[in-house]
Every structure is written in structure tokens, then in C-alpha cells.
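Trainee: Okay, sequence plus prediction incoming.
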Amino acid sequence: MLQWFKQLKQEWVLPEIHPERCVHSQCEIASCTNCVEACPHAAWLLDAGSLAIDTSRCDGCGLCVAACTETALTQELDLLSGELAGKQTLLVACEYTDQKLKGKGLIPCLYLISPARLTEAYKLGYQQLKFACGDCQHCPRQQTSSFTKHLEEFNRLLASRAAPLIQFQHLDPQTWNQQRTSLKPSSSPETAQTRRQFLKQAVNLAVEKGLEAKELSLEPELKPAQAWAASLPINPNSESALYPFAAQINPLRCNACDACIQLCPHQALSIVKLSAKEMAYETSPEQCTGCKLCVDSCDQQALTLKTYSPQPEPVLLKQTRCQTCGSPFHYPAMQTAQTQCRICSKANHHRQLFQVYS
């Protein structure tokens with residue numbers, strides 16, 4: 001029983017995998033390797049047929065979870081939160097800050113506080129973050145940039161919306177520990193317990209009290225990944241709002257095949273009708289997660305994914321009828337007038353019919 005309990009506790013450290021959310025299960029040509037590149041211990045194994053994790057290499061740092069744009073990987077992160085000087089505050093420190101620091105508020109790496117987590121905390125009223133960390137540039141988990149830069153980039157998004165910025169402060173270990181002692185319980189409503197937290201408490205109770213654990217139905221309905229940009233504050237008076245991701249279509253290279261629109265799992269790209277003969281490709285960057293499926297699907301290399309960019313201008317399209325097959329089709333208005341759809345222009349039906357009847 002003791003060995004089983006230890007093994008179960010190790011499973012809590014590993015990220016939970018939701019394969020149906022992974023872009024590789026949605027499109028065979030997906031190029032995403034975020035989790036593989038983020039792992040400092042090469043625990044993720046990606047080949048043409050599968051994506052797997054070597055549990056003997058994984059130390060539960062969770063950097064792959066923060067890197068996944070589709071939340072196909074999830075992991076608990078117990079952030080220490082409360083009130084300091086009347087402000088809702090997050091208080092965190094990485095494991096490599098100081099060996100003397102123990103207890104609540106310590107997390108494997110500060111980069112687990114991804115922009116998505118920051119956005120969620122911001123929505124709950126947390127606009128102050130105090131942190132302590134080791135030397136990121138010499139971290140064994142291979143983070144080369146400072147956590148401060150990470151926060152500054154998030155504040156760029158807020159500033160572009162004329163929204164209050166997150167106030168952050170880098171503390172030394174001793175001051176951080178003093179702040180932790182001074183932290184008061186938050187007045188914000190607590191979020192509901194997650195499935196893993198509930199299961200952990202249930203198992204602990206069963207082990208400590210010698211109760212027989214009963215089988216419980218704890219599987220919540222898995223919702224599709226949502227773009228965290230959609231939760232950023234909206235200011236109608238701000239015309240220069242930046243978005244973390246925005247798909248940019250090059251109208252001179254695009255052949256209007258609509259593959260990007262059909263493949264986008266978040267409806268971040270759409271086609272709208274303007275008149276009887278005019279349409280447009282429109283980008284909704286607030287819905288974009290940065291999965292790059294649109295880029296991967298474009299055989300014309302007409303799509304690029306911009307970061308920290310304003311909303312792209314619509315790409316105007318002209319609608320006409322193919323003079324060869326008679327089917328309606330559209331093409332970017334910036335291109336020269338076209339008389340054949342993209343299929344007929346490649347197939348060259350006239351040449352083939354001439355060969356048949358000659």
C-alpha cells in the first residue's frame with residue numbers, strides 16, 4: 001500500500017495529457033514541437049507516429065505545460081495569493097531561489113506562470129506580483145531570459161489597451177519570506193477545486209484514516225482550448241491594441257484555397273461577404289492561440305504568425321466564375337484579374353481535352 005501511494009504521488013507531479021487537444025491529432029502536417037523544445041531533460045519523444053513522455057526523465061518542472069498553446073498538457077500549480085498592503089497579490093519563488101526556503105509559494109520554475117495564467121489572475125483582480133528566483137541565465141532548466149522580461153511583455157499587451165499594468169517586484173529570498181509571513185487571506189472568491197486536488201484529498205483521507213476508497217466519477221467534460229487573448233481587457237477607446245498572436249495573410253501569395261480557414265480550430269480566420277462580388281478574409285486575433293496550423297497548411301507560404309501585433313487588415317477578395325469549369329471562385333483583389341479557378345489553372349483542362357480528341 002505504501003509503495004502504491006508513493007507511486008501515485010509521483011503521478012501527480014507529471015503533466016496530464018489530453019491528446020485530443022494536441023495539434024498533431026488534428027492535422028498530420030502540424031509542425032508544433034513546443035513541448036519537446038521546452039523540456040530541459042528531453043523527456044518528450046516526438047516522431048512521425050506518436051508523441052510520448054519518458055517518465056523516468058521528467059522531473060515535473062511543468063515547462064512543457066506552459067509552452068503548450070492548446071492546453072493539451074495540464075498540471076496543478078498552487079500559487080500563493082492573498083493581500084499585501086490592501087492589494088491582491090501573487091507571491092511566488094522558484095525552487096532554485098534559496099535552499100533554505102521551504103513551504104508554500106515555491107514552484108519548479110517561474111515560467112510556469114504563463115501569459116494564460118497571468119491573464120486568469122488578472123481577471124480575478126490580482127494586479128501585483130512579487131517573486132524571488134535564482135539566476136535564470138545559468139538555470140539548469142535552461143531558461144536564458146529573465147522573468148522580468150516575461151512580465152514586461154505581458155504588460156505591453158495591457159498598456160496597448162490602456163488597462164492598469166501588473167505591478168511586479170523582484171525580491172531577495174529574505175524579503176520574500178518576510179512578505180510571505182505578512183500575506184493576508186485574499187478576499188477574492190476561491191476557484192473551484194480541480195479534479196486532481198479533489199482526488200488527492202480523497203486518497204490522502206483514505207490512507208490516513210484507513211478508509212476504503214470508493215470509486216468516484218470525477219471526469220469533467222473536456223472543453224476545447226480557448227485563446228487567453230480573448231480574456232484580456234477590452235478598451236473601446238484604444239485603437240492600437242496588441243495581440244499575442246495574429247495570422248497575417250500575404251494577398252500577393254495567397255491562392256484563396258481557404259485551407260487555413262477550414263483547419264483553424266478556433267475560428268481565428270474567417271471569410272465574410274461584403275457584396276455580391278466582394279468578400280474578405282478577416283483575422284480575429286483574440287481567438288488565436290498561436291498553434292500555427294494555418295501556417296503549416298498553406299502550400300503558398302502566404303501566412304505568417306505575428307506576435308505582439310495589432311489586428312491585421314482584412315484581405316479583400318473578388319468573386320467570379322471560372323471560364324473553364326463554370327464554378328464560382330474568389331481570389332485576392334490585389335492580384336491581376338483571373339479567369340480560371342485555382343484547380344483549372346493547374347490542371348490545364350484545355351490541353352488534356354485536346355489530346356483526347358486529336
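Mentor: Everything's here; your move. The shown structure was predicted, so the numbers you read here are calculated from the model rather than taken from an experiment.
Trainee: can we go C-alpha only for contacts and neighbour counts from here?
Mentor: Will do.
Trainee: roughly how far apart are Pro336 and Ile343?
Mentor: Let me fix one detail, which is that residue 336 is Thr and not Pro. From Thr336 across to Ile343, the span is 17 Å (C-alpha to C-alpha, to the nearest Å).
Trainee: Next: Ser56.
Mentor: Ser56 is 51 Å from Ile343, where distance means C-alpha to C-alpha.
Trainee: between the two, which one's more packed in?
Mentor: A count of neighbours by other C-alpha atoms under 10 Å puts Ile343 above the other of Ser56 and Ile343, at 12 against 8.
Trainee: Please work out which residues outside whatever helix or strand the more buried one lives in touch it.
Mentor: For Ile343, the element it lies in under DSSP states H and E is helix 342-347. Residues outside helix 342-347 that contact it (C-alpha atoms under 8 Å, 6 or more residues apart in numbering): 255, 257, 324-325.
Trainee: residue ranges of the helices in the stretch 101-250 of the chain, please?
Mentor: Secondary structure of the stretch 101-250 of the chain by DSSP state H, counting those that start in this stretch: the helices cover 115-123, 147-159, 173-182, 195-209.
Trainee: what comes up buried for the shortest one?
Mentor: By neighbour count, and taking 16 or more other C-alpha atoms under 10 Å as the criterion, the buried residues in helix 115-123 are 115-116, 118-119, 121-122.
Trainee: now swap in the second one and tell me
Mentor: Neighbour-count burial for helix 147-159, with 16+ other C-alpha under 10 Å as criterion, is recorded at 147, 151, 154-159.
Trainee: Pull the contacting residues for the spatially most central residue of the chain.
Mentor: In the chain, the centroid-proximal residue (C-alpha atoms, centre = their mean) is Thr69; its distance is 2.6 Å. With C-alpha under 8 Å, 6+ apart as the criterion, the residues that contact Thr69 are 289-291.
Trainee: Can you tell me which of these is closest to Ala48?
Mentor: Nearest to Ala48 out of the contacts of Thr69 is Cys291 (C-alpha to C-alpha; 18.1 Å).
Trainee: Can you give me the distance of that closest one to Ser160?
Mentor: Distance, Cys291 to Ser160, using C-alpha to C-alpha: 23 Å.
Trainee: Comparing these two, which shows the higher neighbour count?
Mentor: With neighbours defined as other C-alpha under 10 Å, Cys291 and Ser160 compare such that Cys291 has more, 22 against 17.
Trainee: OK, contacts around that one?
Mentor: By C-alpha under 8 Å, 6+ apart, the contact set of Cys291 is 23, 32, 69-70.
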